[in-house]
Structures are given as C-alpha cells and as structure tokens.
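K.L.:
My questions concern the predicted model and sequence given below.
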Amino acid sequence: MIKFLQTFFLILLPFTLPGQMELSMNETSVKSLAETEPTLESNMIEAELGTLGEDFSVVSVDGAEAITINSDWINSLNPGSADRVATYEVHFAEPGTYDLYARVRVGPGTWDDDSQFIPNGFGFKDPSQDTVWYRVNGLASAGYTAGDALVDGGGSTGSGVWKWINLSQFAEGTGNKSYTVTPDTLTRIFQIGARENGLYMDKFVFGKTGFYYTVDMLMNGEEGSATLPRSGTPLAEGQDKFLGSAWDDIQALDFTGYWNQLTPGNAGKWGSVEWNRDQMNWNGLDAAYTEAQRYGMLFKEHTLLWGAQQPDWMNSLDSAEQRQEIEEWFAALAARYVTFDMIDVVNEPIHNAPNGMVPWGTDQPNIDYARALGGEGETGWDWIIEAFRLARQYFPGSKLILNEYSVINSTSTTQKMIEIANLLKAEDLIDGIGEQAHAFTTRGVSSALLKANLDALAATGIPLYISEFDIDGLTDLEQLQEMRRVFPLFWEHPAMAGVTLWGYRYGLWRNDQGAYLITEDGTERPAMTWLKAYVNDTLRELENINVTSVNGDTVISEIGGTLSFQAEVIPSNATFPDFIWSVEPESLATMDAEGTLTALAEGTVTVKATAWDGTGITGSLVIEIQTDHVSVPGQHPELVHIFPNPSQGMVRITGIGPVERINVLDMSGKVIATYSCTGKTDLEVNLQQESGMYLFEFIGRQSRFYKKVIVDQVK
C-alpha cells in the first residue's frame, strides 16, 4: 500500500466555460484564476461541485447528490454542446499516470440510460468534435457494488443501484485512455460529457494506473494497493480438493476469503451471453473469469449446453444451422478466454435436456437442438457424446464434466448417469461426473443411500464433483444439523475432486428456503461456522457439560424459592459452546434462560443444560424441593379441605383456622389472585382461569403451606 497519491485538490471553478468564452483560452490562465480561490482537499471529485453546463441538473438519488442531463443525446460520438459538459479543476499531489473511476447509477431505461463521454486527455474539449471524446456505453450491465470487489472496466451489476466502474478501461475506442500528469502541470482541467439522460453521476476518482482499488477504497477515499488485496485465506487452501461457490454481484463480497474455486452462476450460460443472435454480452462472464484469474482460483464454465436458459432463436433454425451455431458458441468461448479449468459440457441431460422434452415444473417443451448433434442415435445418448467430442476439440486443456441434479437420491437415475459416463469414458471424453446435490436432493434421503450411489458413480473410475451444493434452513439448528450430516459424505469421499456451493450469501436462488450461510446483515450462520472449522480441521465438538448450583446447594426449602445454576462446557474451546436450560418435571419448578430455578411444589426435580447444537449432550443435577411447616395453635394444614377438586372453577375451602391470606399462583409462580381470610373459617373462591393446575398458598403469622387445585373448564 502506498499513499493515495491519487489524492488531489478539488477547486470550485470561478471561470467561464467554452461556449461562454473562446476555446483558445489556455490552462495557464485558468490556473491563475483558480490560485486566488480557496481550495477543498478531497480524495474524490463530487460531480455536483463542478461548473455544470446549462442542461445539467443536480438531484438527490438514493442518498447521493448527483448530476444528470435533462435532454437525451444529440450526437452519437460527442456531447454536442457546451451545455452538456461539466468541468472541474483538479490538483494532483504528484505526477503520474491515472485511471478515471466513476460512481454511477443507470436509470429505469437501462440500455437507454447508460452512456456518457470521457475526454481523451486533460483540458477544454470541443463538445462537437468526435476525436476528443471516448464514448462510454453499456453501463447497464457493468460495474461493482460489493465493498471488497476490485473495480476495473468489467463487472455485471445492473440498473437502479449505485456502482463503481473504471471508465478508462471500460470506454470504447482504441488507445490509452489513462491520464498523464507531469511535474510542471499538477493542476489540470478535466471535463465530462453527457450522452443519454437517465444516467446519474455521483463521484469521480483518479486512481494510479496499475494500482488496485476496491469499492470501499474508492468510496472512502482510501489508498490504492500496489499488490492485489484479498479478504482472507480460502477454507480449502492447500488441500487436495477445492471448495468453491457460484459467483455473481451478490455473492462477490469477501468471496476470496472463503473459496478457491469459482463458477459463474448465470453469466456463462449460452442464453445469458447470446440472447440475441450474434450479439454477445460478455460482461458477466468476463467479470467472473477475471476474478478467478486475479486470485488464482479454479474456474469452471457453466454451462455449454442445457435445456434451459438457452437462446430462443435456436428454435427457428434447422439442424444444420443449429449445429453451426453450437460450434460458433464453442469457438467464441475458446477464442475469448485463455482456458477454463473445468467445463460443465452438458447440464441436466436426464432431467432438462435440449431435446424438446417438457421438464419438471413447467408445461413448456425445451428447445430441441439435440437433433443437430445426432439425437438419441444408436446409444440413446449420441447427442451428448457429440457435444463432448466438440468440447474436447475446442477446449483440449479443460476438464470436461457431465452435470446433473437429483442423481444420488435415486438408484435408477444413478444407473442412467453411469451409462452415459461410460459411453463418454470409452472415447476418453469425460473428466468428471457432477452431482448438483441441492437441498431437495439430500433432504430426507438416508446417508446410506447417498453414499451407496456416490460409490456406484465412483466405480466408473471418473472423478466426482459436487457442483451446486446448498443446505436449506429456516432455522439455524435445522441447517446446522443437515450440514453436519451431509457435507462429510461428500468431502470425505475418496473420489471427490471438489465441492461447489450454489451461493452462500443472502440473496441466492433458494433464499426463501433459508439456504444462505451468511445473513443479509453479514452474520455467519452456525452452519458456516461449522463448515469453516470442519474443513480447516479446527472443529472442537462439545463432549460434556457439568452442572452445579452457584452456591453449592441442592435443596430449595420453600415454595417460590429460587436457586441459580452454572454449567461448565468441556472442552472450553468447543466450536458450539451454547446450551439451553430446562427442568423436569415442569409441574414442580420453572427454569429461565439464565439458569435460575423457581420452586412451585414439593418434590424432586432434575435441572438440565443441553447442548444447543442438536448433539443431545446434556449435563444434569438433581434438586430437592422441601418445605418446613411451622405450626401454631389451632392451625393444621391437614384439616384444610378444598372441594370439589378438580373443579370447573368454583371451589369451597374449609378448615382455614388462623390463616390470614390465600394467594392463588399459576405454575410459573405468578400470583393471579389474593383473598383475605382474617376471622373466617371457610371461603368460596371462583377461579375464572383456563384449565390447568394452580397452587393455593395459605399464609399465617408464623407459617405457610400449599395445596394444589386442578381446574377443568368444561367447554
């Protein structure tokens, strides 16, 4: 890290803009004007603080003061007039070469709201001259929002959010789009040109070319980094198998601190890249690939061929044209990217093939282009074999994987998968079998069946991959218990080459089922805590819990009395040390969450501290509740009678003697009614309470005793 020498002074300009003065005005004269004005030191240019052309407005959008142009574009390749240019004077702390970063937001018009112009250098620019402006177009699917995301000229963030982008890298045109500052001209004029209305510009930052900047660095005006920053060490770093995740804008935050393999969630699917024929949108896939390359993560392309998320226009083509387009798709990928470590060549060939089948969950048939690859043919799976032949031809350095869901929960589907895999193996076309292992595949399926089918797949001699793993969990405990049960079956299997989660942060595809391991506020759920410890071999299982009372007593001598308890967890560094207090039977005592027992009636109770994590480990202590009765002349508890008991609510009490007051308590020990008895020998009480057990507390001057009453309200 070096000092943020991109830091500069922002000067609010007192000068007149071109269009209001001659364009021949030189920068020296402008600088001399500025030198007489106070300066504002800042790490960024606030867009609204420049000298704005007449067509600009300053607006508040989602917490930011920003500028936007009022009218739509005039010329395709230049702003068109001085009214559509914003001008700033920037003082740099030192000379150097700088890239221009911007915080922008694309409006609801998306592709009609996503362009602007940047200049080909410092100084005043002719607003009507094409050659002095670079067009910035396509911001509707570019940029970054995650705090630790490195900002470059890529990204795939959509519209309606504030995002950062390196405009020097993103802008159209050839040549160097960085900006050079020399020692003799540290104060420079800088202009921005408007193109489409609906684009909002909040901030600009000049960052040293060749340095790395994250979203947080740019937002906070922090230093750039000369070395590649990362958020931590991946969980499976140095292990013989990878642990990865699907990646997109939502999942990108702190990604490198957890995973060492990356799969683009949707960006690598044919329909995402070429939704319109011969119009390729590489933004999302470029961003995913670049992220993997930067951090040395294994990259898997997902997916070449599938029955879903494919270009609709393929339906209108004949088989020959379809075959040509398939090969064009393969060739375009191979030409654009140096290599893929792995490729899901065919996705879901059994459940969701591109052969005109109607897959589960819909009544619409898939596109049928399997025919262009030979259809079923002699083997029944000829189209898959041909797809893998093409993949081996175009991607000779990649591991080719056959991917499917809900295989290992079904012996028959497992056998189909083995049949296809062996056909591919016969021609040395397959390098991996992928089982997605979504929660709906593993939930409720015995561990024995899952393992048996994994073993059957492994018997082919082909490495196995868990390719889209997730664990549902509407509660933390539910998710943790299932993670404990299922993940080791995969991770410890000798044929397993790697496991990929299908997202891990809030906002993933099974969000409603609670499959995220990190909550919306960034908190790791217990299943993530367990996963980290398990993979890193730092898991410390809770072995025992010792329960004692705080003062050492094991007897409570009066009803309503309390006793506090403490628990010692062994080992003390257990991964999940939390426990839950309880008491049995609950009719004799209550127990709060802090470990305090309240006596309700005489008898023996067991205080328990049970491990929260579902392992069932419990510590316990037996407690006696005993009351000592002090008798006075004329008072005999055995002579006091309550009838009828059970009662529907109305009871009569006789033999009260010297009792002065009767309290009625519910089973939590709460007093719900009090009756004065002074001078009375009997009493009628109407218990207008719900059905259940209640305690009558008889209080005299020198004694106290209790009797139980059962109320059975007849409905």
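P.N.:
Thanks, I have it.

K.L.:
tell me what the top helix by length along the chain is packed against?
P.N.:
Secondary structure of the chain per DSSP state H: the longest helix is helix 319-336. Secondary-structure packing of helix 319-336 (3 or more C-beta pairs under 8 Å, 6 or more residues apart in numbering; DSSP states H and E): strand 298-306, helix 382-394. (Each C-beta comes from the backbone N, C-alpha and C, glycine too.)

K.L.:
orientation of the longest one relative to strand 298-306 in degrees?
P.N.:
Taking axes from the mean of the first three to the mean of the last three C-alpha atoms, to 10 degrees, helix 382-394 and strand 298-306 form an angle of 140 degrees between their directions.

K.L.:
Any chance you could list what contacts helix 382-394?
P.N.:
304-305, 326-327, 330-331, 333-334, 343, 345-346, 349, 355, 370-371, 373-377, 379, 398, 400, 402, 420, 423-424, 427, 429-430 (C-beta atoms under 8 Å, 6 or more residues apart in numbering).

K.L.:
Buried residues of that helix, list them for me.
P.N.:
382-392, 394 (16 or more other C-beta atoms under 10 Å).

K.L.:
so how far is it off the chain centroid?
P.N.:
35 Å (C-alpha atoms, centre = their mean, to the nearest Å).

K.L.:
got it, and the shortest one?
P.N.:
Once both centres are worked out by C-alpha atoms, centre = their mean, strand 298-306 turns out to sit 21 Å from its chain's centre.

K.L.:
If you count contacts, what does that strand end up packed against?
P.N.:
strand 242-247, strand 261-264, helix 270-273, helix 283-295, helix 319-336, strand 342-347, helix 382-394, strand 399-404.

K.L.:
Now with 7 Å, please.
P.N.:
Judged by 3 or more C-beta pairs under 7 Å, 6 or more residues apart in numbering; DSSP states H and E, the packing partners of strand 298-306 are strand 261-264, strand 342-347, helix 382-394.

K.L.:
Kindly reformat the ones you listed as CSV and extend each row with mean pLDDT.
P.N.:
Output for those, formatted as CSV (pLDDT from 0 to 100):
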stretch, mean pLDDT
strand 261-264, 98
strand 342-347, 98
helix 382-394, 98
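
K.L.:
Out of these, the one nearest residue 112 is which?
P.N.:
strand 261-264 (26.4 Å; C-beta to C-beta).

K.L.:
mind saving the C-alpha coords of that closest one as PDB?
P.N.:
Provided in PDB are the C-alpha atoms of strand 261-264 (Å, rounded to 0.1, in the frame of the first residue of the first chain):
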ATOM      1  CA  GLN A 261     -12.900 -22.200  -7.000                       C
ATOM      2  CA  LEU A 262     -15.400 -20.000  -8.900                       C
ATOM      3  CA  THR A 263     -18.400 -20.900 -11.100                       C
ATOM      4  CA  PRO A 264     -20.400 -18.100 -12.700                       C
END
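
K.L.:
so how far is it off the chain centroid?
P.N.:
15 Å.

K.L.:
Would you list the strands that that strand pairs with, along with their directions?
P.N.:
Applying DSSP bridges, strand 261-264 is found paired with strand 242-247 (parallel), strand 298-306 (parallel).

K.L.:
Redo those strands as CSV? Include mean pLDDT and mean neighbour count.
P.N.:
Below are those laid out as CSV (pLDDT from 0 to 100; neighbours: other C-beta atoms under 10 Å):
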stretch, mean pLDDT, mean neighbour count
strand 242-247, 98, 25
strand 298-306, 98, 25
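
K.L.:
tell me which residues in stretch 576-586 are buried?
P.N.:
In stretch 576-586, counting by 16+ other C-beta under 10 Å, buried: 576-577, 579, 581, 583.

K.L.:
With distance to residue 460 as new columns, can the strands paired with strand 261-264 be given to me in TSV?
P.N.:
Shown next, in TSV, are the strands paired with strand 261-264 (distance: least, C-beta to C-beta, whole Å):
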stretch	distance to residue 460
strand 242-247	21
strand 298-306	20
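
K.L.:
For residue 202, find the nearest of those.
P.N.:
Short answer: strand 242-247, nearest of the strands paired with strand 261-264 by C-beta to C-beta, at 26.1 Å.

K.L.:
Pull the CA coordinates from the closest one and hand them back as PDB.
P.N.:
Output in PDB follows, covering the C-alpha atoms of strand 242-247 (Å, rounded to 0.1, in the frame of the first residue of the first chain):
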ATOM      1  CA  PHE A 242     -11.300 -27.500  -3.800                       C
ATOM      2  CA  LEU A 243     -14.200 -25.800  -2.000                       C
ATOM      3  CA  GLY A 244     -15.800 -23.200  -4.200                       C
ATOM      4  CA  SER A 245     -19.100 -21.300  -4.900                       C
ATOM      5  CA  ALA A 246     -21.200 -19.800  -7.600                       C
ATOM      6  CA  TRP A 247     -20.300 -16.100  -8.100                       C
END
